[in-house]
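Peer 1: Sequence plus predicted model, see below.
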Amino acid sequence: MEIDKKIIKKLINALEELKKSVSHEDIDSSKDVVEQEVDISNTVIKSPIVGTAYLAPEPGAKKFIEVGEKIKKGDTVMIVEAMKTMNHVPSTSEGVVKKVCVEDGQPVEFGQNIVILE
């Protein structure tokens, strides 16, 4: 594979110009916060799998949990669909639902906060 030296020189020049333009600016890293901080006195239930979160067993049905509701360990908090398989997500502890961190039909990642309990 032959490398065109003119393209390499253009890339190097473009990178040098970019470096000069960035070195004069202060970068504010406080805007890069991805997840909100959670009070350590609360219990967080995290997604055990990547997929799509559903808050009710079927469209239009009553949700598994509501904010302010007391739940027990093992109660289903939502369903995460992965590869056409509906996976019930159980509560890892008991408590009162403080916040549901996902919307119905929202994609979730492994380890993402889905429910916060008091």
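Peer 2: Perfect, thanks for sending it.

Peer 1: and the residue nearest to residue 95 when sequence neighbours are not counted, what does it touch?
Peer 2: Once flanking residues are discounted, residue 95 sits nearest to residue 117: 3.4 Å by Cβ to Cβ, 6 or more residues apart in numbering. All C-beta spots, glycine's among them, are computed from the backbone N, C-alpha and C. With contact taken as Cβ atoms under 8 Å, 6 or more residues apart in numbering, residue 117 is in contact with 42, 43, 44, 45, 71, 91, 93, 94, 95, 96, 97, 98.

Peer 1: what secondary structure does the residue nearest to residue 106 when sequence neighbours are not counted sit in?
Peer 2: Nearest-residue entry for residue 106: residue 53, 5.4 Å, with adjacent residues in sequence omitted and distances by Cβ to Cβ, 6+ apart. Secondary structure of residue 53, reduced to three states by DSSP: H, G, I helix; E, B strand; the rest coil: strand.

Peer 1: What distance do you get for residue 53 to residue 116?
Peer 2: 15 Å (Cβ to Cβ, to the nearest Å).

Peer 1: again with residue 18
Peer 2: The spacing between residue 18 and residue 116, counted by Cβ to Cβ, is 41 Å.

Peer 1: How about residue 59?
Peer 2: In this structure, residue 59 and residue 116 are separated by 25 Å, where distance is defined by Cβ to Cβ.

Peer 1: Dump the helix or strand hosting residue 17 to CSV, restricted to CA.
Peer 2: Secondary-structure assignment from DSSP states H and E places residue 17 in helix 5-23. Output for helix 5-23, consisting of C-alpha atoms alone and laid out as CSV, is shown next (Å, rounded to 0.1, in the frame of the first residue of the first chain):
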residue,chain,number,x,y,z
LYS,A,5,3.0,12.1,1.2
LYS,A,6,0.9,15.2,0.3
ILE,A,7,-2.1,13.9,2.3
ILE,A,8,0.1,13.1,5.3
LYS,A,9,1.6,16.6,5.2
LYS,A,10,-1.9,18.2,5.0
LEU,A,11,-3.1,16.1,8.0
ILE,A,12,0.0,17.1,10.0
ASN,A,13,-0.6,20.8,9.2
ALA,A,14,-4.3,20.5,10.1
LEU,A,15,-3.4,18.8,13.5
GLU,A,16,-0.8,21.5,14.3
GLU,A,17,-3.4,24.3,13.6
LEU,A,18,-6.0,22.5,15.8
LYS,A,19,-3.4,22.1,18.6
LYS,A,20,-2.7,25.8,18.4
SER,A,21,-6.3,26.8,18.5
VAL,A,22,-7.1,24.5,21.4
SER,A,23,-4.1,25.5,23.5
